[in-house]
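1. Turn this into a structure:
(2 chains)
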Amino acid sequence: MPDRYLSLSATFVLQAVANGYGYGFDIMDATGLPSGTVYPALRRMEASSLVTSKWENAATAQREQRPPRKYYGITRSGQIALADALERYRLANRPSPHTGKASAVKR
Amino acid sequence: MRLHRWILAAASRMVPRASRREWRDEWEAELHHREAVEQEWSGRARGRRLDLLRRSTGAVWDALWLQSHRWYSLRLFGRHWRLAATAILSLAIGIAATTTGLSAYNAALLRPPAVAEPRSLRLIHIHTLENPFDAASLPEFTTYRTSTRAFSDIAAFPYEISSLALKAGDRMSQIVAVQVSDNFFGVLGVEPRAGVLTLGTSPRHDVFGVVVSEKLWRTLGSDPRIVGATIRINDQPVTVAGVAAGTFGGMTWAFEPDVWMSFDTAQKVRGSPPTALTDRSQRWLHMVGRLRPGVTAAQASADVAAIAGGIAHDYPSISGNHTAILTAATVTPPGERAWMAAVLGSLLFIVLLTLIVACANVVNLLLGLTATRQHEMLVRAALGASRIQLVVPLIREAVLLVMVAAALGYGASWAILVKLSALTVSLGSILPPMSVDLRPDGIVLLATTAIALAAGTLVGLPPALRGASDGLSGALNREKAIADPRKSRLRGVLILVQVAVATVVLAGVGISLRSLFALRHIPLGFSARHLVYGEVDLRRSGYDAAHAPAFMERMRERVAALPGVDGVTLASNAPMMGYSTERMTIDGKPAVAEGHEGETPYLAVDEPYFSTIGVTVLQGRTFDSRDRAGRADVAVVNRTFVRRYLPGSQDPIGRRVRRESDGHLIDIVGVVADGKYNEIDEDPQPMLYVPLAQRDVPFVTVIARSAGPRDTVAAALEELEPRIVIGGIGAMTLDDALRMSTTLPLAIVWATLALAVVAVAMSVFGLYSTVFYAVSQRRMEIGIRVTLGASPRDLFGMALRQTGWLTACGVLGGLASGLALMPLAASVFYGIAAVEPLAMAGAACGAAAIVIATTYSVVRPWTRLAAMDLLRVK
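-> Model (predicted):
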């Protein structure tokens, strides 16, 4: 059974993939996270079937005189996990009834 | 190749082989794409390169993550971090101790001098039966230098140093000086920091050239004009010819010279007797030669042997039994190396024991961890993993654990050794402080890595085999694990080894303490407190045999009149500063002391000698006004003299000794207590005292017991006789001499004690955890016994029976090892006999007490728990 609990940084990465940022460095640019965070997160989510990967068409890459890149896409499980995670972090970011301040995380 | 591609290539080695290709392709494509995009958008090449570099470091983290994902154990260690931290700490202490021991051994015995191509240097020793590594006289050195064909050149230096007074400008300081041959720096290949490294004289032959160290040059203010400047050493002007490069620390271990000077310069500034440069029998120079290219060791040996043969032929009376041998160039005198190897070998032994204890502790901890991995092993085995496939990852994990510990231990040891290397040890006021560069070098790093790898494999093997066994057979008989006899056997071996090691190191502690006590209570046979002394050269001071007695009387009266002086005496040698020897017979038999080639040791002393230095008179009388020149020859002997040469004699007073040189008979008039005459660790030896008034001595030592300023004694003697040639007074007291003699033995004792205490502490910790685990395996049984009415005493007895036999065997093994090592300990430690029953019995009792206390502390909490609490564990 896939591990659907996502950390905040993994949520950022998955959301970037869901928004169409399919390459590692594009995801880094979109999230502002370092490569040492993005890649392990992608590996973990791929192992949990939240994302899939496929290699770019070799002919396209050859036409542009560069090596083919690896493209990541979100799966159905990934979409569910992302929705769960976003809901969880949205709740966490709601102001506390006691202090009136956001309790945990900020986007 | 760009730097980011290098990083990628290096990081890819960490990625599991199966996915390495794909991983690298992905990263290369991303970096290539980024490079192309940035090239298009940004014109700044430098910023672009930095961005790529920053991004490529992410590949390292990615690769590490993949590796950690693969190594389940890394996460397991993280989960059991207390256990992993304990294991790493335990091993780090063991590795730190090992690195420290290896560094000391390396610094003293292995590290070559810091010169050009030390491998082509050889030390040339005069070899005799009495002294296999003897030095050469200056005339002999000259012969070797001019006659050799195997060496391109030969230089000479003594392993001794001098402490001299330096005056440069307004600055006064004590410096370490060494006298060397003029080609010394050329043969060693030392580069100058400034000027030239030659030791010639000035054209006028009145000012001598010296070479100073870079350290002294910096102390003097790093003045670039120092070359050619005149400084004063012992109030004699010398010219600085050059500054030696700071990397060269000289050829004398523990003392880095400040100044190198030629033999002629040394004679001028130190006032040493000229016979040292001409007398063939005065051997004080060690020779070092640079082999010609292509010359083999055998050819070089044959060359020096031929030269030695020629010298033996030409000077049969002095050099008849000599030959020459070669050894590698070292900074420690070859004659001292065997002794140093014994000392440092003993320390290394204790260090290795510490490491063994640490390894045993880690094996125990890993066994505990392996027990939690039974299911993992079962799954792996069920998926088809072979025994080797189960064992190898576990060993790799243990090696990783050990390598982390090794890095920590090495780092800690390096920090400690850097601090220790900067420390200086005071050796009294006459010698400069001693310091040794103990910093670990490449050899130590290599040895530590090899030891760590071996330790990692050894530590990993038993738990790995255990784990593999659990995996392969556990599916069938999982329930037998707790009482598994194989597991019990392994723990039994661990307890046995730890008890044996604890016994040996406790014996080491006992022996160190015993030696420390002996060093604090050395029976000198006299009182050294506030004794100052100086040797007066009567002939060079202008006094021959006829006038010396009156001069000696005047010296005694002058010093006695000084304020603060409680007593003055004159003797041929100061206490513990040696003696003379002469052929003597008793009842026709030679009175021979060991090691003196058929001669009897004697001291010429004046009337108040015994009372002034505090020698106890046992029988008869000492010297008085009757014992003058021309009267009957008399002597006082010590107790060992009587015991050895006059055995069975009830009353040695009146017995006679014959002096072979003139046939005179000497009456024994008194017997005094034994003392130390040369070294603090010498065996009791016979001594014969004769009246100074009845001997013609060229040198006499003035000894005063003075609580006042020491310089006043020397000043008073110089005031009495301006021509006086005197050495020692004002600079050294017997307290200093004793401190010098005991510094090294004390350092050995303290180093051993410190290491042994660490080893004992680790043994106690290891024993506690092993016994705890072994006894706790019987929790359920204990619960049942408590239910059936067993008393705390019964439970303690039960647990003790479990460890009793193992403890007894361990103690016996430790005692056997300790006894086998006693001859080595006796040669290394001061005041230690070949058998030390008290230390051995104490060690055995101590080790047994540790096990009993540990067992009690493990069982005690359970005796207070209800039976259900104990059973609920299951």
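2. pLDDT below threshold where in the stretch 201-350 of chain B?
-> Along the stretch 201-350 of chain B, segments meeting pLDDT under 70 span B:201-207, B:271-275.
3. Can you give me every residue that contacts the closest residue to chain A within it?
-> Ranked by C-beta to the nearest C-beta, the top residue of the stretch 201-350 of chain B for proximity to chain A is residue B:247, at 41.8 Å. Where C-beta positions appear, they are placed from N, C-alpha and C, glycine not excepted. Residues in contact with residue B:247 (C-beta atoms under 8 Å, 6 or more residues apart in numbering or on different chains) are residue B:114.
4. Just confirm it is within a strand.
-> No: counting by DSSP: H, G, I helix; E, B strand; the rest coil, residue B:247 is not found in a strand; it is coil.
5. residues contacting the residue nearest to residue B:452 when sequence neighbours are not counted?
-> Leaving out its chain neighbours, the residue that sits closest to residue B:452 by C-beta to C-beta, 6 or more residues apart in numbering or on different chains is residue B:406, at 3.6 Å. Going by C-beta under 8 Å, 6+ apart, residue B:406 touches B:91, B:92, B:95, B:448, B:449, B:452.
6. what number of residues lie near residue 16?
-> No chain was given, so I picked chain A. 21 (other C-beta atoms under 10 Å in any protein chain shown).
7. Let me rephrase: I mean chain B.
-> Using other C-beta under 10 Å as the criterion, the residues surrounding residue B:16 number 13.
8. on contacts alone, who are the packing partners of the lengthiest helix in chain B?
-> If you go by DSSP state H, chain B has its longest helix at helix B:734-776. Secondary-structure packing of helix B:734-776 (3 or more C-beta pairs under 8 Å, 6 or more residues apart in numbering or on different chains; DSSP states H and E): helix B:81-105, helix B:334-371, helix B:485-520, strand B:531-537, helix B:792-828, helix B:837-863.
9. helix, strand or coil for residue B:724?
-> Assignment for residue B:724 (three-state DSSP): coil.
10. and it, how far is that from chain A?
-> 80 Å (C-beta to the nearest C-beta, to the nearest Å).
11. can you check residue B:751 too?
-> Residue B:751 is 46 Å from chain A, by C-beta to the nearest C-beta.
12. repeat for residue B:619
-> 89 Å.
13. Can you name the residues that contact that residue?
-> Residue B:619 touches B:651, B:652, B:653, B:670, B:671, counting by C-beta under 8 Å, 6+ apart.
14. and it, backbone torsions?
-> With angles defined as degrees, to the nearest 10, residue B:619 sits at phi -160, psi 150.
15. Tell me how many other residues surround residue B:651.
-> So residue B:651, with other C-beta under 10 Å, has 12 neighbours.
16. Could you list the residues of chain A in contact with chain B?
-> Within chain A, the positions adjacent to chain B are A:23-25, A:28, A:34-40, A:43, A:61, A:66-70 by C-beta under 8 Å from any C-beta of the partner chain.
17. what do you get if the cut-off is 7 Å, keeping everything else the same?
-> When proximity is defined by C-beta under 7 Å from any C-beta of the partner chain, chain A lies next to chain B at A:23-25, A:34-36, A:39-40, A:43, A:66-70.
18. among those, which are in helices?
-> A:24, A:25, A:35, A:36, A:39, A:40, A:43.
19. Please indicate which of those are buried?
-> A:24, A:25, A:35, A:36, A:39, A:40, A:43 (16 or more other C-beta atoms under 10 Å in any protein chain shown).
20. Just the buried positions in the helix or strand containing residue B:298, please.
-> Per DSSP states H and E, residue B:298 falls inside helix B:297-314. Within helix B:297-314, the residues that count as buried by 16+ other C-beta under 10 Å are B:300, B:301, B:303, B:304, B:307, B:308, B:311, B:312.
21. Please list all residues in contact with the closest residue to chain B within chain A.
-> Using C-beta to the nearest C-beta, residue A:35 is the residue of chain A that sits closest to chain B, at 2.3 Å. By C-beta atoms under 7 Å, 6 or more residues apart in numbering or on different chains, the residues touching residue A:35 are A:24, A:28, B:55, B:58, B:59, B:62.
22. Now it: closest residue in space, sequence neighbours ignored.
-> Closest to residue A:35 by C-beta to C-beta, 6+ apart is residue B:58, at 2.3 Å.
23. returning to what we had before: let me have the contacts of residue A:35 in a markdown table, extended by pLDDT.
-> Shown next, in a markdown table, are the contacts of residue A:35 (pLDDT from 0 to 100):
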| residue | pLDDT |
| --- | --- |
| A:24 | 88 |
| A:28 | 88 |
| B:55 | 79 |
| B:58 | 82 |
| B:59 | 85 |
| B:62 | 83 |
